[in-house]
Structure formats: structure tokens, C-alpha cells
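Engineer: Kindly generate the corresponding structure for this input.
(one chain, ligands or ions: 1)
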Amino acid sequence: MELLKYDIVILGSGLAGMRAALQASMANEKLSIALISKLHAMRSHSVSAEGGISGVLYPGRNNDNEDLHAYDTVKGSDFLADQDAVEMLVKHAPSEIRLFDRLGVPWKRSSKGEIELRAFGGMSVPRTVFAADKTGFFMLNALYDSLLEHKNVDIFHEHMATKLIMDHDRFNAITTIDMATGEMKAFAAKASIIATGGFARSYGFTTTSYSSTGDGIYLAYEAGLPLKDMEFVQFHPTGLVPSAILITEAARGEGGYLVNSKGERFMKNYAKSVMELAPRDIVSRSIVTEIEQGRGISDKRLGDSEFVYLDMRHLGEDKINERLPMIKEISMKMVGIDPSKDPLPVRPAAHFTMGGIHTDITGNVMYGAKKKTMGLWAAGECGCVSVHGANRLGSNSLSQCVIWGKLTGNLAANFSSRHQLSDEIAGLAENEEDRISKILDAKGNENPYDLRKELWHTMDTYVGAYRTTKSLAKARKIIRNLKSRFSRIRIADKGMVYNTNLRDSLEILHMISLSELVVEGAIRRKESRGAHAMREYPKRNDKQWLKHTIAQKTSRGIKFSYVPVKITRWKPVERHY
Ligand SMILES: Cc1cc2nc3c(=O)[nH]c(=O)nc-3n(C[C@H](O)[C@H](O)[C@H](O)COP(=O)(O)OP(=O)(O)OC[C@H]3O[C@@H](n4cnc5c(N)ncnc54)[C@H](O)[C@@H]3O)c2cc1C
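Structural biologist: Numbering: from 1, shown residues only. Take a look at the predicted model:
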């Protein structure tokens, strides 16, 4: 296996990874930095972010201020977010938005040249900055363009990471498969940042790309590192039926309505004061309830699942063309509907994973529930700081990605200037080459894509916006069976060049394993909080469950423990909207 040596290796080139690379390079241009992506860097999932990024750009306007942004976020999180981390998010968001302005992102501006704001769910006032409905595309392009000027950053496109090599609490290296040749490479570095995104692709009906398979979270778990709050999976209310492609929350932020089969704006029965702009967990459950109670809409041409309508007709063609052009294009191409003329069929789709690698407030990956690793950070959706708690507010993720990208980039640069490379790597990396060869050569009879199909069906059916003890027990049984069947897979393509069968199979293993942690965490959490809604325990139970779930791999299986939520200023109260 080829061994490459760097000061810093950053795994993942979405908004978090690229922001980290830019910061580390700016901090010290003498550092050698490897930025690795299993896709072409610009195809990272962040490129599809639509509606915008949150931050208080104009304190005082509409009575907005950082405290209000923080409170909205904490309340939206159903009080599971760590409040010190939330305070950090709101403090640094405005300067990051202005940085991207300088990097060339065409933020929507008024005729006076001021950056405009739009409304988003759970935010008391408009504070989401946007570039039409292609915000992620413009932000990622701006970062990529800037990075190309930094000659100390080597970008490794289409390198699939397979293992995180640790020496106890110290980061050592990452092994990868170069997709173009099939050759394995080990990247040894003094410091590393994992920025590999979330794992909502473990569901079939999801807004996320096929690449959102939680690889970095799985690699951390396999390396014995703790994961946090894995049971919290966000369902976005408006996945377009039947594809689940996202219709951004900005469609409701701009004034779109949700309507049931009787033509009623049903959100008045669930969140009277904010209607369609309640947090996503509440709107998603409201849609599910409407459908369960017989007020869903069905159309066999769009599949078997019922849906509700997102009605944007009253916004008018001009506003839709100006502020939501991609939504119009998607709707016309995918279902032949022009949203200025007809309502769109939508239902909740898996969208974002609040849980991930357990980090401290700086993104430093934890070693146990309370001890920190040396030289390893996580940023973006794969890391659980936690700023989103049990339910993320829309447009807070992009802020989180770039703020913790910057922070971890700085810290990794600082750390690698003061430490040496470990020389333990070579032997450990060879073992990984054997593991991958065994998976590739296995002569079993299970088709990995059948396992993925079953996983998707299981997660969609039994681990959705509402859960029950029985549905979770059923999911547990199926997932355990899928895990054991994975050991008997057969990969059809035995070649070296762009072996997507091998890559997909590794991703399937990652998704099955992380789904098990979602289910196990959910079975244990006997309450309803944010996105985790248990029918038998409909209330939040702060007395017993105001705590983060920690899951860690041991030789005897998954070990669960709990750590307290950091409360700084806002005492938990019942959420009302
Ligand atoms: C359709 C959609 C729209 C959204 N819109 C918004 C929005 O408007 N505002 C908002 O705040 N949030 C939004 N979100 C959420 C937000 O886009 C994501 O949370 C965020 O972009 C995640 O960025 P990231 O940098 O953490 O990871 P990603 O952008 O997911 O990037 C992950 C990177 O890791 C790499 N990687 C993964 N596994 C491996 C591996 N094994 N080896 C090597 N590389 C690997 C990938 O190639 C990629 O480069 C949206 C989500 C969806 C699904």
C-alpha cells in the first residue's frame, strides 16, 4: 500500500471539509494538507443545499439579536442542544456569511444593495441569507475556487476512505481506495478532520444524495470512538412525491401553504401561531397525522403513498422565478407540475442526521464519553457538537458546517505545527488491505443491493417520524439479520477500475451498522423529544432524559452511556408554537 505523508488530512470536501482546508492553509501556508473525497470534490452533498444559511446580519432589525437566534435554536432542538455550542454558532454566523460575500457568493440583495433575509421554520424572524434556492452550490463553488489558489492543499478526488487508524487516543492515518485504479493508499498525518456528512441515505425515501452514507461516523465507531445522539433523525416535511427530492423550506418561508385533501391549511390545528413555519419535526408529524386520519391525497401515477399539497400558486410566477427557480425546474422535470399553476405533492422524507461523532465544543473528537482524542476533529453533519439537539432548525446546518470547519481548521493547523508524525502506520494499513480483498473476493450468495433495499424499507416503515416499541423491535430484528447476511455477500464486479460495486457494498455495511445504532438508541430513549417521537411515551421527560446518548463499540457489543446537556441560560420549558 502506498503511504503518503501530510501535516493534515481532511476527510470530506463538503462545506465543512473545504472550509477547514481553507482555514488550515491560511493559518500556516507551510503545512501540507490533503483533502480527500470519495466523489469529485464539487459533487459533495453540500452542493445541493437549497434554502440558505442562518445568521443575525442586522441586529436590531425586527428586534432580532444573537440571543433570539440562540433561543430559537435551543427551543427548536427541544432543549437537547448544548447551549454553549449554540451561543458559539450564533456569534460566528454573521462573519462567516460576510466572508462568503467576499468570496463571491451572489447573496440575494435588495435594490439598495443590502443582503436580503428570508423566513425559515422555528426562526422567530427572517434571518436566513440565500442565493436563490442554490445556496450550497454557490458556497461550495466559492470555497473550491479559493482552494485552487492554495498550492499546499492537494485534493484527492474519488478516494474512498475505509479505515481510521488510531494509536489509542492519538490519530495516525486514514486508508483509502483510489477509485480510478483500485489501489489502496494510506494517508498518514499529524492531525485530521473528519467531515464526511450525515447518513440519512439509510432511508429509502430521503432528500439526501446517494453518497450520504455516514462513512466517517462508521469509521470512527469502528475505531472505538464514541458516537452521540444517533437516534435523532430529521424528517423534512416536503419531500417531492414520488422521488423525495427536496422542496426547500424556503418555499414555505416565502409563503407557501400546506393543504390536505379537504383543501384545509391544516397547520392551524398543530402550530396556530406559526402555521407552516413550525420546526420540521412538528410539521412532519402533522402531515403524517393528516394522512393517518384520512385527509391525505393519493394519485396512483405518483405511487402508493399518500401525500398532502404544498400550494405556492398565490406567490405568483415572478416571485417563484426569482427566488425559487430550482424548485420550479425540479417540479416541472420530476412531476410535470409548474408550482405557479398547480400544487405540489409532498410528504416527509429523511433529511438530516442530528447524531454523529461525539465531540467537545471545539469539534475535538472524544476518546471515551469524557476524554478527548489527540489530533482528531470532526466538523459538519458528521460531528455532534451538539448545536441541533433533537431537531435542527433549517439553515442552521450551513452555519454549523462553516463555523466548525473554520474552528477545526485552525486547531488542526496549530496542533500539527507542534507534533510529529507517528511511525506505527505501515503494518496497520496492510491489515486493512487484507480486509478489503476479502470483501471483494467473498464467494457468498447475498446480493448487497438486496440488503440495501431491505434496509431502506425497514427504516422507512419502522423507524420514521413516529416510532413505537414494537416497530423498533421489528427493525432491530431485521437489521441484525441484515448484518449477519452482509458477511455472506458476493460482489459481482471483481475489477479494480471504478469498482462501484465494492464502494456501494462498503457503504451498505456502514448504513446497516449506523441504522442499528439509531434503533438501539431509540429503543432506550423512553420519551418523545424533537425528531424522536414514541407513541407510548408522547411527552418529553426531562427528569430522566435530558441527556445525550453515547454509543461506543466494545468487544461485547454496543455500550450505551449518557452525558449531561449543557444548559447555560435557557431552562427547558415545554415547546409551544
Ligand atoms: C437537499 C438538501 C438541501 C439542504 N439545504 C440546506 C440549506 O439550505 N441550509 C442548511 O443549513 N442545510 C441544508 N441542508 C443540510 C446541509 O446541506 C448538510 O447538512 C451539509 O451540506 C453537510 O455538509 P458536510 O460538509 O458536513 O458534508 P457533505 O456535504 O455531505 O460532504 C461530505 C464529504 O465527505 C466525503 N466522504 C464521505 N464519505 C467518504 C469516504 N468514505 N471517503 C472519502 N470521502 C468521503 C464526500 O465525498 C463529501 O466530500 C440540506 C440538505 C439536503 C439533503
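Engineer: so what's M18 up against?
Structural biologist: Residues counted as contacts of M18 (Cβ atoms under 8 Å, 6 or more residues apart in numbering) are L35, A41, S44, L140, L143, Y144, L147, G405. No exception for glycine: its C-beta is placed from N, CA and C like everyone else's.
Engineer: what residues does the stretch 401-550 of the chain put near the ligand?
Structural biologist: Contact residues, the stretch 401-550 of the chain versus the ligand (Cβ under 6 Å from any ligand atom): C401.
Engineer: Any idea which residue of the stretch 401-550 of the chain lies closest to the ligand?
Structural biologist: At 4.7 Å from the ligand, C401 is the closest residue in the stretch 401-550 of the chain, using Cβ to the nearest ligand atom.
Engineer: That residue should be in a helix, yeah?
Structural biologist: Yes - judged by DSSP: H, G, I helix; E, B strand; the rest coil, C401 forms part of a helix.
Engineer: quick one on the thing from earlier: who wins on neighbours among the contacts of M18?
Structural biologist: For those, the largest neighbour count, defined by other Cβ atoms under 10 Å, is 31 neighbours, found at G405.
Engineer: Identify the residue nearest that residue in space, chain neighbours excluded?
Structural biologist: Distances taken as Cβ to Cβ, 6 or more residues apart in numbering place R19 nearest to G405, at 2.9 Å, with adjacent residues excluded.
Engineer: Can you confirm whether the helix or strand hosting that neighbour lies near the ligand?
Structural biologist: Per DSSP states H and E: R19 is located in helix 15-27. Yes - Helix 15-27 reaches the ligand (Cβ under 6 Å from any ligand atom) through L15, A16, G17.
Engineer: Specify which member of those is nearest to Q293.
Structural biologist: L15 (39.2 Å; Cβ to Cβ).
Engineer: Find the closest residue to the ligand in the stretch 351-500 of the chain.
Structural biologist: Counting by Cβ to the nearest ligand atom, the stretch 351-500 of the chain gets nearest to the ligand through G380 (2.3 Å).
Engineer: Just give me the neighbour total for that residue.
Structural biologist: Residues near G380, counting by other Cβ under 10 Å, number 33.
Engineer: quick one on the thing from earlier: can you list the contacts of M18 in TSV and add pLDDT and distance to E290?
Structural biologist: Shown next, in TSV, are those (pLDDT from 0 to 100; distance: Cβ to Cβ, whole Å):
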residue	pLDDT	distance to E290
L35	98	45
A41	96	41
S44	97	35
L140	98	36
L143	98	40
Y144	98	42
L147	97	46
G405	98	39
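Engineer: Can you name the residues in contact with the helix or strand containing V74?
Structural biologist: If you go by DSSP H and E, V74 is part of helix 66-76. Contacts with helix 66-76, where a contact means Cβ under 8 Å, 6+ apart, come from 54-56, 59, 81, 83, 86-87, 89-91, 93, 122-125, 127, 279, 387-389, 391-393, 396, 570, 575.
Engineer: go on, stretch 515-522?
Structural biologist: Against stretch 515-522 from outside (Cβ under 8 Å, 6+ apart): 202, 221, 227, 229-231, 233, 355, 455, 458-459, 463, 467, 472, 475-476, 479-480, 483, 532, 534, 549, 551, 558, 560.
Engineer: same thing but 7 Å
Structural biologist: 202, 227, 230-231, 233, 455, 459, 463, 467, 472, 475-476, 479, 483, 532, 549, 551, 558 (Cβ atoms under 7 Å, 6 or more residues apart in numbering).
Engineer: chain center to the helix or strand where R480 lies, what's the gap?
Structural biologist: Using DSSP H and E, R480 maps to helix 469-486. Relative to its chain's centre, helix 469-486 lies at 23 Å (Cα atoms, centre = their mean, to the nearest Å).
Engineer: which strands and helices sit next to that helix?
Structural biologist: helix 448-462, helix 500-524 (3 or more Cβ pairs under 7 Å, 6 or more residues apart in numbering; DSSP states H and E).
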